[in-house]
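Q: Fold the following for me, if possible:
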Amino acid sequence: MTNSISKLRNIGIAAHIDAGKTTVSERILFFTGVNRKIGESHDGQATMDFMKQEQERGITIASAAITAHWNNHQINLIDTPGHVDFTIEVERSLRVIDGMIAVFCAVGGVEPQSETVWNQADRYRVPRIAFVNKMDRTGADFAEVVSQLNSNLDANAIPFQIPIGAEDTFEGMIDLLKFKAFYFDDQKSFEKEIPAEYLERATEARNSLISTLADFNDELADLFLEEKEIPYDLFMKAAREATLKLLITPVFCGAAYKNKGIQLLLDAVIDFLPSPIDVGAVIGNDVDEPEKTISRHPSSKEPFAALAFKLINDPYVGQQTFIRIFSGTISSGTQFFNSTKGKYERAGRIFRIRAKDREEIKEAGPGEIVALVGMKASRTGDTLCASDHPLLLENIHVPPAVIELKITPKARKESEKLGEALSKLINEDPSFRARYDEETQETIVSGMGELHLEIIMDRLKEEFKVEVEVGEPAVSFRETLTKEIENNYKFVKQSGGKGHYAHTIMRFEPNEGKGYEFVDKVKGGNVPGEYVGSVDKGVKKAMEKGPLAGFPVVDVKAVLLDGSSHAVDSSDMAFQLCAGMSFKEAFMKGKPILLEPIMKIEVNTPDDYIGNVTGDFNKRRGRIESMRRHRKGSQKLNGFVPLMEMFGYATALRNISSGRANFSMEFYNYQPLPAATQEEVLKKLASKNAQK
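A: Prediction:
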């Protein structure tokens, strides 16, 4: 356990794909002594990218947790993916980290996924520092990236360093707080006086930094106005406070691949990012009275409270459950309570993780991120706590799956093996879903995008040794009704012995954007209290596979108005079946429609191709929201487009822009399908089903 919680830093590294964040992580591990040699993502040797699929593609897929030490501080580092298909990994990491390094490419600047990550960090109010990487690359422009941070992200980005040179003349940087120049030779850094030709620019940048900090610190403001020397300690204190309050984003620079700037970045993590004590108490809700809040401070004297944020199946030790401890301590073998599931758990062993390696520890305390082995019921987002002091912490936001595939095992005998493998993958990744369709005898899997499902298929084959036949990717629609319908349904069945009887009078209403709601308005006990829950359960079950085309039903309010029961023949199952059948009958009378997933898209394109890009975008039923200058000679298009029009878009965009445009998209919401398109979709689905 860490000697002092104030010397602990839980940080994430996040950015757009290819900004170099895994390279930054690898250099951090090298300079903190975790690794003796440096691994690279492009040659498949990165410590953090230890999954085979990550090594083959040179990208990060699963966020990896690792412990390192720097200047008497413990850093728990979480590397996160940059590809939008794995945004759940960023989401769950942000839920448990205290601070973040946002990495930006000095050439690419603020890319689409960096905006997504930034917005996620805003939602969780995570203090962050920015690192402008790849300063040695042709086209590197530090000032332009800072400008984009302010215009595109509203980051209040303030340079704490300015680069010495750029592209192939990039040598080092000037630290504006210490007011010294730093140069690098191989893996060592050297502090020198600021070169004469940079003195004026550095003085100007430093004054700008002081002026900004003076807005947030009165003591510093007085000294600045009186033109007095500002003590270094006051400078650091003001900068740290402003960063922790999310008033500014300090900006640093370097070239991770060339080992330039990493030691100073590590110093910045210690100096400006929060410890668990700075973050303060975590707020949860009372298990019995959800409107009542409970706070837990980062102290070993408080009752134990933690959040499970990730599950990994390890071939050597079995399932590892990663947890962030907010208060109290946990020892191996002790029993605690999973308040989300209402079950007791026991961790057989506790590990501190070093990517794919692990160190067993006997005890872990506040602020720690560790992996537990031996957990049975706990899943992503579950709260773990002391049984005599239960509470519920905020869960992890899981976006809906928008794309699906039909899969069947190549060999019939592998059906059971496939089921077990999918079950493990679902436990690991809440944004991945799977269900079995009894009618077509197919397994349908759904996820966040084509790459997401491609990786899952790859893992089934490589990790779980299950060969599957894969159908074409398809859009995961939703169904809803548009008209209020009242339905009187009686379910009576005699089968020799005990009969089945249930009777419900229900109203089903559109409930746009509010999900499913159930209201009980029965008076006089015509439907006995013990069967009201059965009615709710029956409707929910029927909504899993909509009557229109077999897609999940959303946004419906079910109101139980009346009904009747039989003293002998009524049962939980009878009322479930009655409610389900009533719903299906009413749904088809309620002018049902299909809802399609709409994606938020951002396209970066050189000016020469903007006409081609917008023309193609409009053909895909896209709606342009804004267009703005991205960099000199290039533009950024933001808009919304139906997912069903976007299959194969990467290839099409490459063709119409000579390979020079790129795009990123993420799920936005579900919207009604145009009537003519709905007719086409339903016809296609009907003919597919007829062929089976």
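Q: Which residue ranges of the stretch 201-350 of the chain form helices?
A: Assigned by DSSP state H, counting those that start in this stretch, the stretch 201-350 of the chain shows helices spanning 218-225, 232-244, 262-272, 276-279.
Q: what does the average pLDDT come to for the last one?
A: Just to be clear, that refers to helix 276-279. Averaged across helix 276-279, pLDDT comes to 94.
Q: so how far is that helix from its chain's centroid?
A: Offset of helix 276-279 from its chain centre (C-alpha atoms, centre = their mean, to the nearest Å): 22 Å.
Q: mind starting the numbering at 413 from now?
A: Sure, I'll start numbering at 413, so the last one becomes helix 688-691.
Q: Next secondary structure element downstream of the strand of greatest length in the chain?
A: The longest strand of the chain (DSSP state E) is strand 1004-1018. With elements assigned by DSSP states H and E, the helix or strand that comes after strand 1004-1018 is helix 1022-1031.
Q: who touches stretch 812-824?
A: Contacts to stretch 812-824, defined as C-beta atoms under 8 Å, 6 or more residues apart in numbering, come from residues 827, 829-830, 843-845, 852-862, 864-865, 869, 878-888, 1009, 1011, 1055, 1079, 1082. For every residue, glycine as well, the C-beta is placed using N, CA and C.
Q: The strand or helix carrying K969: partners in the sheet, and parallel or antiparallel?
A: Following DSSP H and E, one finds K969 within strand 968-976. According to DSSP bridges, strand 968-976 forms sheet pairs with strand 912-922 (antiparallel), strand 929-932 (parallel).
Q: Identify whichever of those strands lies nearest to V966.
A: Evaluated over these, closeness to V966 peaks at strand 912-922, with 10.5 Å, by C-beta to C-beta.
Q: relative to strand 1004-1018, how tilted is that closest one?
A: 40 degrees (axes from the mean of the first three to the mean of the last three C-alpha atoms, to 10 degrees).
Q: residue ranges of the strands in the stretch 613-762 of the chain, please?
A: For the stretch 613-762 of the chain, applying DSSP state E, counting those that start in this stretch gives strands covering 661-665, 694-697, 705-708, 717-726, 730-739, 742-743, 747-750, 755-758, 761-766.
Q: For the third one, which strands pair with it and how are they oriented?
A: Translated: strand 705-708. Short version: by DSSP bridges, strand 705-708 pairs with strand 694-697 (antiparallel).
Q: same check, this time on the fifth one
A: Listed by DSSP bridges, the sheet partners of strand 730-739 and their directions read strand 717-726 (antiparallel), strand 781-785 (antiparallel).
Q: tell me the angle of the last one relative to strand 761-766?
A: This points to strand 781-785. Strand 781-785 runs at 130 degrees relative to strand 761-766, counting by the same axes, to 10 degrees.
Q: Please report how far D630 lies from E862.
A: 54 Å (C-beta to C-beta, to the nearest Å).
Q: So those two - more neighbours on which side?
A: Between D630 and E862, counted using other C-beta atoms under 10 Å, the more crowded position is E862 (17 against 10).
Q: Now the more buried one. Nearest residue, chain neighbours left out?
A: P885 (5.9 Å; C-beta to C-beta, 6 or more residues apart in numbering).
Q: Let me see the confidence value for the one you found.
A: For P885, pLDDT reads 78.
Q: Correct me if wrong: it contacts H864.
A: No: counting by C-beta atoms under 8 Å, P885 does not reach H864; the two are 10.5 Å apart.
Q: neighbour count winner among these two?
A: H864 (24 against 18).
Q: Show me which positions of the helix or strand where the more buried one lies end up buried.
A: Following DSSP H and E, one finds H864 within helix 862-874. Across helix 862-874, burial judged by 16 or more other C-beta atoms under 10 Å covers 862-868, 871-872.
Q: same deal with stretch 606-617?
A: Neighbour counts over stretch 606-617 (16+ other C-beta under 10 Å) mark 606, 610, 614, 617 as buried.
Q: Give me the contact list for stretch 722-731.
A: 474-475, 477, 504, 732-734, 761, 763, 770, 783, 785-787, 790-792, 836, 839-840.
Q: which sections of the stretch 713-862 of the chain are below the confidence cut-off?
A: The stretch 713-862 of the chain contains residues with pLDDT under 70 at 727, 766-769, 851-852.
Q: do the same with the stretch 463-612 of the chain
A: 463-476, 491-502, 524-525.
Q: Strands of that one, residue ranges please.
A: 476-482, 485-491, 511-517, 540-545, 569-571, 573-576, 584-587, 592-597, 600-604.
Q: Mind putting the ones you listed into a markdown table with distance to N1030 and mean neighbour count?
A: Shown next, in a markdown table, are the strands of the stretch 463-612 of the chain (distance: least, C-beta to C-beta, whole Å; neighbours: other C-beta atoms under 10 Å):
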| stretch | distance to N1030 | mean neighbour count |
| --- | --- | --- |
| strand 476-482 | 41 | 21 |
| strand 485-491 | 39 | 24 |
| strand 511-517 | 30 | 26 |
| strand 540-545 | 35 | 27 |
| strand 569-571 | 35 | 23 |
| strand 573-576 | 41 | 24 |
| strand 584-587 | 45 | 25 |
| strand 592-597 | 49 | 17 |
| strand 600-604 | 52 | 12 |
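Q: And the ones you listed: which comes nearest N900?
A: N900 lies closest to strand 485-491 among the strands of the stretch 463-612 of the chain, at 55.4 Å (C-beta to C-beta).
Q: could you say what helices and strands the closest one packs with?
A: Under the contact criterion of 3 or more C-beta pairs under 8 Å, 6 or more residues apart in numbering; DSSP states H and E, strand 485-491 touches strand 420-427, helix 433-443, strand 476-482, helix 674-684.
Q: ok, that strand: who's next to it in the sheet?
A: When pairing is defined by DSSP bridges, strand 485-491 lines up against strand 420-427 (parallel), strand 476-482 (antiparallel).
Q: got these as TSV, with distance to L637 columns?
A: TSV is the format used below for these (distance: least, C-beta to C-beta, whole Å):
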stretch	distance to L637
strand 420-427	34
strand 476-482	36
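Q: out of the ones you listed, nearest to L893?
A: Comparison of these against L893 by C-beta to C-beta identifies strand 420-427 as nearest, at 40.2 Å.
Q: next helix or strand past the helix holding H864?
A: Under the assignment DSSP H and E, the closest C-terminal helix or strand after helix 862-874 is strand 880-882.
Q: Kindly provide the whole-number mean pLDDT of that following strand.
A: Confidence for strand 880-882, expressed as mean pLDDT, is 88.
Q: What pairs with it, parallel or antiparallel?
A: Strand pairing for strand 880-882, determined by DSSP bridges: strand 815-821 (antiparallel).
Q: ok, I762 - contacts?
A: I762 sits in contact with 742-744, 772-776, 782-785, where contact means C-beta under 8 Å, 6+ apart.
Q: can you count the residues close to the closest residue to N1024 other than its chain neighbours?
A: Excluding the flanking residues, the one nearest N1024 by C-beta to C-beta, 6+ apart is I1068, at 4.2 Å. Other residues near I1068 number 17, with proximity taken as other C-beta under 10 Å.
Q: Surely I1068 is in contact with D1020?
A: No: the pair I1068 / D1020 is not scored as a contact, 10.9 Å apart, by C-beta under 8 Å.
Q: Redo the strands of the stretch 463-612 of the chain as TSV? Include distance to S623.
A: As requested, these are exported to TSV (distance: least, C-beta to C-beta, whole Å):
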stretch	distance to S623
strand 476-482	31
strand 485-491	30
strand 511-517	24
strand 540-545	19
strand 569-571	10
strand 573-576	16
strand 584-587	18
strand 592-597	21
strand 600-604	25
